[in-house]
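Q: Next input, structure requested:
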Amino acid sequence: MQIPFGEWLPDQPEHNNPGANVANNVYYALNSYKRFPSLVNYSTNTITQDSRGAGSFRDNSNTVFNFVATQDTLYQLTGGAFTERGAGGKVLSNSFATCTITVSDYANIGASKTITLKKNNGSTIVFTSVTGSPSTNQFQVQTNNNTTATNLKNTINGHADFSATVSDAVVTVTRAAIGGENLTNVSSDTARLTTTNFVGGTPLTGDATDYITFTQFGNYVIVSNGVDAPQYYLMGTSSAFANLSTIGTSGTVPVFKCSGVIRDFLVTGNHVGASNRIQWSGINDITTWESGTKQSDLQDLPGSGGQIVHITSGEIGYIFRQNQIIRMDYVGGATVFRLSVISPNRGAVYGRTVCQDNRRVFFYADDGFFEVNGDQVTAIGAEKVNRFFDLDLNKAFSDRIVAATDPFNQLAIWLYPSSADTSNTTGICDKVLIYNYATQKWSTATTNASTIFSQFVGAYTVELMDIISENLDNINISLDTDFWSGGQLLLGAIDSDYKAAIFSGTDNIGEIETTELELFPGTRSSIIGVRPIVDATATVTLKTRDRLADSATESTSSSMNSTGINPVRQSGRYVKVNVKIPSGGAWKDAQGIDLVASRSGLRWQIKLI
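A: The predicted structure is shown next:
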């Protein structure tokens, strides 16, 4: 008796469910489940904390630029390594670690004047002036300003926590350990020993629930969190992110939470003090923000749709509010954009719950999962996964949900923290919900990550090439082509170790469980074997019960023998079969099971007439 696995429908009863009761670490293709790969990290360093956003882009020369944001700062991922690119031209970890001391009127610098330098950890070191021979941490005042400055430089260099250089009468000091805060350099003679402070990069000020949006506009990458000044990075030119306002030529650059590129305009939304406002740049010009100049303008969206949380990109755009979706079409002239409400009472819960593949947009609302295509908003999770997700989501960390698409496999994926992980106190996500929008079928997978995103990954090393291709022997493409150097678009992530990773591994254990069936209506069944219709060596457990009110009795796990049968011996009225496909192996299709079963417990009844 063959039983196909069927569609995973957790919102339906287990008994006589038309599909599978469990489908984990797999996704449903056409007529079979396929393995959903595990995460494999590849970066040589980390970003030190959870990611709050990420983006992957190509510039006009086909060079890949990957960026990741934490709550505090911005990073570029290049050649498998993270480099901090800061905000406002400043970085936290490896720059802006110097201060200066300028010597003047040396003849009136008396003995016992002090320079107090603060170390990275906040403790202080005091350097003292003397007119005679100096001891440790002392510098001699003599001859002229330049010589005094040189003496001070030599004394500071003698301390392990600092290094110093001198140019004429100016001493420049660098901390050996560089911190992420502004530290004070104090002089007791501010008239003759003039100081500047150590200046560290200023962290972004958004809190742990503020996500960060990345948008590409030509060769520019625009970053915003709705709290700090929006940033830009000119691919191929910039070495750090800088305030977008520094290249503004007209009008005032707004502080906004989200953005998208609709036609030739950067469209921004959710401004400080006006969470329902959109404003767009001049046509093909992100330096112009003055209304009426180059078609730039702004609009406050009416109604009770709530704040703007997401703006999609393309020929047409969708503005997602918490309880409303507005379509944005370019019409030119004095109107510039036509705004049409296509969903008056439903929007996106959070901005990162929206993902897009060309014109198909998927999102999570208060009442479940939906797709937008054109003017149509279609329910894709109703009576399938909506109730399951509502119960499975750890609502203490709902803001951590992140959506992304895997265009090659046509998957929309939501990363989220599940309620099953009762030890989760940080909000790190441990599960993904997968929707195959070609087959319109759902499944789940387990993982540990803070962000997922479509990522261009170049083959910078043989190891990374192997991760991408799974088998180097199968590569027949020249290694100096754009296929490798320009990056392949893969489903990427920042994992729980804060490293860059891609979904390409084989560590996941595939698990699929059939519907619960009454094999022989009215009687119990005896099962002696299960043949998994899977192109891998799978293990099987059997779950049976006699009443729907009973808890199921589970058999011991049975391995496959040389004939392809998993021997089991168990009986019951209601039967379901759980199939596990081990990690590490290569398999392509899991279609169902073939049961070896017979009636049991049948009794003759004699009726007297």
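Q: can you count the residues close to I247?
A: 13 (other Cβ atoms under 10 Å). (Each C-beta comes from the backbone N, C-alpha and C, glycine too.)
Q: Not counting its neighbours along the chain, what's nearest it?
A: T287 (5.2 Å; Cβ to Cβ, 6 or more residues apart in numbering).
Q: Quick check, that neighbour in contact with T249.
A: Yes. Contact criterion Cβ atoms under 8 Å: T287 and T249 qualify, at 4.4 Å.
Q: And those two? Which one has more around it.
A: T287 (17 against 12).
Q: ranges for the helices of the chain?
A: 145-157, 386-392, 462-469, 482-485 (DSSP state H).
Q: pLDDT averaged over the third one - what is it?
A: In this model, helix 462-469 carries a mean pLDDT of 55.
Q: Low-confidence regions, the stretch 51-200 of the chain specifically.
A: 93-97, 178-182, 200 (pLDDT under 70).
Q: residue contacts, the nearest residue to I325 once chain neighbours are set aside?
A: Nearest residue to I325, sequence neighbours excluded (Cβ to Cβ, 6+ apart): S343, at 3.8 Å. S343 sits next to 324-325, 372, 377 when contact means Cβ atoms under 8 Å, 6 or more residues apart in numbering.
Q: out of these, who has the most neighbours?
A: I325 leads the contacts of S343 on contacts (other Cβ under 10 Å) with 28 neighbours.
Q: shouldn't it be in contact with R346?
A: Yes. Look at I325 against R346 with Cβ under 8 Å: they come within range, at 7.0 Å.
Q: residues shared between the contacts of those two?
A: By Cβ under 8 Å, 6+ apart, the residues touching both I325 and R346 are V377.
Q: and the closest residue to G306 other than its chain neighbours, what does it touch?
A: Counting by Cβ to Cβ, 6+ apart, the nearest residue to G306 once its immediate chain neighbours are dropped is Q322, at 3.1 Å. Each residue near Q322 by Cβ under 8 Å, 6+ apart is listed here: 305-307, 309, 347-349.
Q: all strands for the stretch 101-250 of the chain, in order.
A: Shown for the stretch 101-250 of the chain, the strands assigned by DSSP state E, counting those that start in this stretch span residues 114-118, 124-130, 138-140, 162-167, 170-175, 185-187, 193-195, 213-217, 220-224, 231-234, 242-243.
Q: Pull the number of nearby residues for the nearest residue to Q307 once chain neighbours are set aside.
A: Using Cβ to Cβ, 6+ apart and skipping residues adjacent in sequence, the residue nearest Q307 is S275, 3.6 Å away. As a burial measure, S275 scores 19 neighbours (other Cβ under 10 Å).
Q: what's the distance between S275 and L30?
A: Distance, S275 to L30, by Cβ to Cβ, to the nearest Å: 43 Å.
Q: ditto for I308
A: I308 is 38 Å from L30, by Cβ to Cβ.
Q: Count the residues that sit near N424.
A: 17.
Q: isn't it right next to R400, touching?
A: No. The pair N424 / R400 is not scored as a contact, 10.0 Å apart, by Cβ under 8 Å.
Q: Check which residues of the strand with the most length in the chain are buried.
A: Longest strand in the chain by number of residues (criterion: DSSP state E): strand 441-457. Buried residues in strand 441-457, counting neighbours by 16 or more other Cβ atoms under 10 Å, are found at 441-457.
Q: ok, now stretch 223-234?
A: Per 16+ other Cβ under 10 Å, stretch 223-234 contains these buried residues: 223-226, 228-233.
Q: just stretch 104-113 next, same as before
A: Result for stretch 104-113 [16+ other Cβ under 10 Å]: buried residues 106, 109, 113.
Q: contacting residues around the second one?
A: So the one you mean is I109. 103, 129, 141, 148, 189, 192-193.
Q: again with the last one
A: Applying Cβ under 8 Å, 6+ apart to K113 gives the contacts 128-129, 187-189, 192-193.
Q: State the phi and psi torsions of it.
A: K113 adopts backbone torsions of phi -80, psi 140, taken as degrees, to the nearest 10.
Q: Can you give me the distance of it to V141?
A: Relative to V141, and taking Cβ to Cβ, K113 is found at 8 Å.
Q: go on, the first one?
A: In this structure, Y106 and V141 are separated by 6 Å, where distance is defined by Cβ to Cβ.
Q: Am I right that K34 is in contact with K588?
A: Yes. At 6.4 Å, K34 counts as touching K588 under the criterion of Cβ under 8 Å.
Q: that older thread, export the strands of the stretch 101-250 of the chain to CSV and tack on distance to G80?
A: Output for these, formatted as CSV (distance: least, Cβ to Cβ, whole Å):
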stretch, distance to G80
strand 114-118, 35
strand 124-130, 38
strand 138-140, 45
strand 162-167, 30
strand 170-175, 28
strand 185-187, 37
strand 193-195, 41
strand 213-217, 20
strand 220-224, 20
strand 231-234, 19
strand 242-243, 26
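Q: Redo the contacts of S343 as TSV? Include pLDDT.
A: Output for the contacts of S343, formatted as TSV (pLDDT from 0 to 100):
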residue	pLDDT
Q324	98
I325	98
V372	97
V377	97
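Q: Dump the residues you listed into CSV; add distance to T83 as well.
A: CSV is the format used below for these (distance: Cβ to Cβ, whole Å):
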residue, distance to T83
Q324, 40
I325, 38
V372, 37
V377, 41
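Q: Among those residues, give me the pair with the biggest separation.
A: Spatial extent of the contacts of S343 (Cβ to Cβ) is set by the pair Q324 and V372 at 12.2 Å.
Q: what residue lies at the spatial centre of the chain?
A: Among the residues of the chain, the one closest to the centroid is T451, at 1.9 Å (Cα atoms, centre = their mean).
Q: list the contacts for it?
A: 50-54, 68, 402, 415, 493-494.
Q: That one - nearest residue in space that isn't next to it in sequence?
A: T451's closest residue in space is S51 (Cβ to Cβ, 6+ apart), at 3.9 Å.
Q: how many other residues sit next to that neighbour?
A: 24.
Q: same thing with T174?
A: For T174, using other Cβ under 10 Å, the count is 14.
Q: these two touch, right, it and T98?
A: Yes. Counting by Cβ under 8 Å, T98 is a contact partner of T174 at 5.0 Å.
Q: Kindly check the end-to-end length of stretch 88-98 for me.
A: The straight-line separation of the ends of stretch 88-98 (Cα to Cα, to the nearest Å) is 18 Å.
Q: just to revisit the earlier point, more neighbours: I308 and L30, which one.
A: Taking neighbours as other Cβ under 10 Å, I308 and L30 compare with I308 leading, 29 against 9.
Q: quick revisit: quick one: contacts for the residue nearest to I247?
A: Per Cβ under 8 Å, 6+ apart, neighbours of T287: 247-250, 281.
Q: cutoff 6 Å now
A: Counting by Cβ atoms under 6 Å, 6 or more residues apart in numbering, T287 touches 247-249.
Q: just F139 next, same as before
A: Taking Cβ under 6 Å, 6+ apart, one finds 129, 151-152, 155 in contact with F139.
Q: For V540, name its beta-bridge partners.
A: Beta-bridge partners of V540, counted by DSSP bridges, are S558, V579.
Q: Hmm, G564 and it touching each other?
A: No. Between V540 and G564 there is no contact under Cβ atoms under 6 Å: 11.4 Å.
Q: who has more neighbours, these two?
A: V540 (22 against 15).
Q: Right, I'll leave it there.
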